[in-house]
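Novice: I would like the atomic coordinates for the input below:
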Amino acid sequence: MSIERTKLIQQIERIAPPERALDWDNTGVQINVGAAEIKRVLVTLDITEEIIREARALNVDFILAHHPLIFHRLQKIDGGNVAGRQIIELIRAGISVYAAHTSFDVVYGGNNDYLCEVLELQKIRRVLPEEEGAGEIIGKIGNLKREMRLAEVCDLLRERLCIDRRLPAVGDPSARILKVGLCAGGGGEQIEAFAANGCSLYITGDVRHHEALLAAEKGICLIDAGHFDTEWLFVRNFAEKLRTAVGDVAEVYESKHGKGPFIYL
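Specialist: Numbering: from 1, shown residues only. Below you'll find the predicted structure:
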């Protein structure tokens, strides 16, 4: 049971067309190596040493990651640094790598639609840019099933995303929330667009200090639920879609070892 690597990539790109990726992104093939016939695929959010060990233990031929292994331009592949060591190890193991990053963030059924589904948002719609002709805004807008206080939405996020810590937020804890904007991953730079779309709350990760101040000035509530915590659902989501596409000819595994880099003391 196997599928040609080129045909596997075609199926991945039907789910997340690479032409939908943003200009600055490095979505697509990262490493093309090893057997031309793929038997086992591992879906993961990131590629780390732990994930590579998991891939080798599962004897996979192909890793599908959300975050690109190669993001910035490489001047050389050096086994003395992290990226170089990982690339060398993957090539030696004959494991090809593909990244479906912003190509999956923006498509119907991708990261943001799935997050809306998990939070049971209703009347899902896209975000309109502030100015005509402006670039695409990553994220979605939807309504909660009922009006909730900001503090209650934080509780909902912790429950649905399995977050075991308090969440940094901007706004009055008792503020009434109905219309919610969200961007899985890091979307702090898009606060103004979601405020302009009339959202009473914006949920994202990686919010910087001046972005939080901007939210307060714009009068929009904000929750920084973390980059990892808003995106780890990628693994289950894309794995389910890929099984539907190729599950009869290749095994699709969901990584069990992905975790965020932070600990909270």
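Novice: can you name the residues that contact L144?
Specialist: 119-122, 153, 177-178, 180 (Cβ atoms under 8 Å, 6 or more residues apart in numbering). The C-beta positions use only the backbone N, C-alpha and C, and glycine is treated the same way.
Novice: give me the helices and strands touching the longest helix along the chain, please.
Specialist: Criterion DSSP state H: the longest helix present in the chain is helix 233-246. Under the contact definition 3 or more Cβ pairs under 8 Å, 6 or more residues apart in numbering; DSSP states H and E, helix 233-246 sits against helix 5-15, strand 40-44, helix 111-118, strand 251-254.
Novice: pull the CA atoms of the shortest one into CSV?
Specialist: What follows is the C-alpha trace of strand 251-254 in CSV, where atoms were taken according to Å, rounded to 0.1, in the frame of the first residue of the first chain:
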residue,chain,number,x,y,z
GLU,A,251,-1.1,5.5,6.5
VAL,A,252,-1.6,8.9,8.0
TYR,A,253,-0.3,9.4,11.5
GLU,A,254,-1.0,12.4,13.9
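Novice: what does the pLDDT read for the residue most central in space within the chain?
Specialist: Closest residue to the average C-alpha location of the chain: E231 at 4.0 Å, with Cα atoms, centre = their mean. In the predicted model, E231 carries a pLDDT score of 97.
Novice: then E130?
Specialist: Turning to E130, the model gives it a pLDDT of 77.
Novice: G198 versus that one, what's the distance?
Specialist: 12 Å (Cβ to Cβ, to the nearest Å).
Novice: okay, the two: which has more neighbours?
Specialist: Counting neighbours by other Cβ atoms under 10 Å for E130 and for G198 shows that E130 has the greater number, 14 against 10.
Novice: residues touching that one, list them.
Specialist: Counting by Cβ under 8 Å, 6+ apart, E130 makes contact with 192-193, 196.
Novice: swap in 6 Å and give it another go.
Specialist: If you count contacts by Cβ atoms under 6 Å, 6 or more residues apart in numbering, E130 has them with 193, 196.
Novice: since that was my last question, I'll sign off now.
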